[in-house]
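Student: Provided below for reference: sequence and predicted model.
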Amino acid sequence: MSKHIEIIARGVCVKRGKILLCHTKGAWNTFLPGGHVEFKEEAADSLEREIREEMGRKAKTGRFLGGAEHTFKQKGRRHCEINLVFEVGIPRLSPPRAPRSREDYIEFLWAPLSQLRRHKLEPAVLCASIPQWLKAAKGTARWASSPR
């Protein structure tokens, strides 16, 4: 069994008190838009690439908000990831209209920033971390871990 840790770049796009979330159709949870950081790719660049691939839109990565470790089981298999979370701007995108997905297995939605737990955001540790990180001064060290 191969063991590895995935590096994921995630984007926090907040407009009018709502945050853009992604959802795998048929799944119980949501997650932040973004995806895997490829070899020799900077995390901010991979976030912009993933948004372009998934939504067909240009994005501009802003400040680094924080990082979060996450382990979970999917289809009986343990996954481990490090989420690098950035602010992200996506021009001409705002609630209530969610962007259309170019991937047939995911969809996007806007949710009130205050209701991340209700929307079952994963990693769950981000439900409390994101609002704190958004309020924190630039340069503040930020790290969060899922419970063991």
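Tutor: Looks like it came in fine. Numbering: from 1, shown residues only.
Student: elements contacting the longest helix seen in the chain?
Tutor: In the chain, taking DSSP state H as the definition, the longest helix is helix 43-55. Contacts defined by 3 or more C-beta pairs under 8 Å, 6 or more residues apart in numbering; DSSP states H and E place helix 43-55 against strand 6-12, strand 34-36, strand 60-74, strand 77-89. (Glycine included, C-beta is placed from N, CA and C.)
Student: Tell me which of those sits most buried.
Tutor: Per residue and on average, the most neighbours among the helices and strands packed on helix 43-55 fall to strand 6-12, with a mean of 22 (mean count of other C-beta atoms under 10 Å).
Student: That one pairs with which strands?
Tutor: According to DSSP bridges, strand 6-12 forms sheet pairs with strand 34-36 (antiparallel), strand 77-89 (parallel).
Student: and the nearest residue to Ile5 once chain neighbours are set aside, what does it touch?
Tutor: In this structure, Ile5 finds its nearest non-sequential neighbour in Cys80, 4.7 Å apart by C-beta to C-beta, 6 or more residues apart in numbering. Cys80 is in contact with Lys3, His4, Ile5, Glu6, Glu69, His70, Thr71, counting by C-beta atoms under 8 Å, 6 or more residues apart in numbering.
Student: which one of those residues sits closest to Arg102?
Tutor: Glu6 (21.5 Å; C-beta to C-beta).
Student: what is the closest one paired to in the beta sheet?
Tutor: Beta-bridge partners of Glu6, as defined by DSSP bridges: Glu81.
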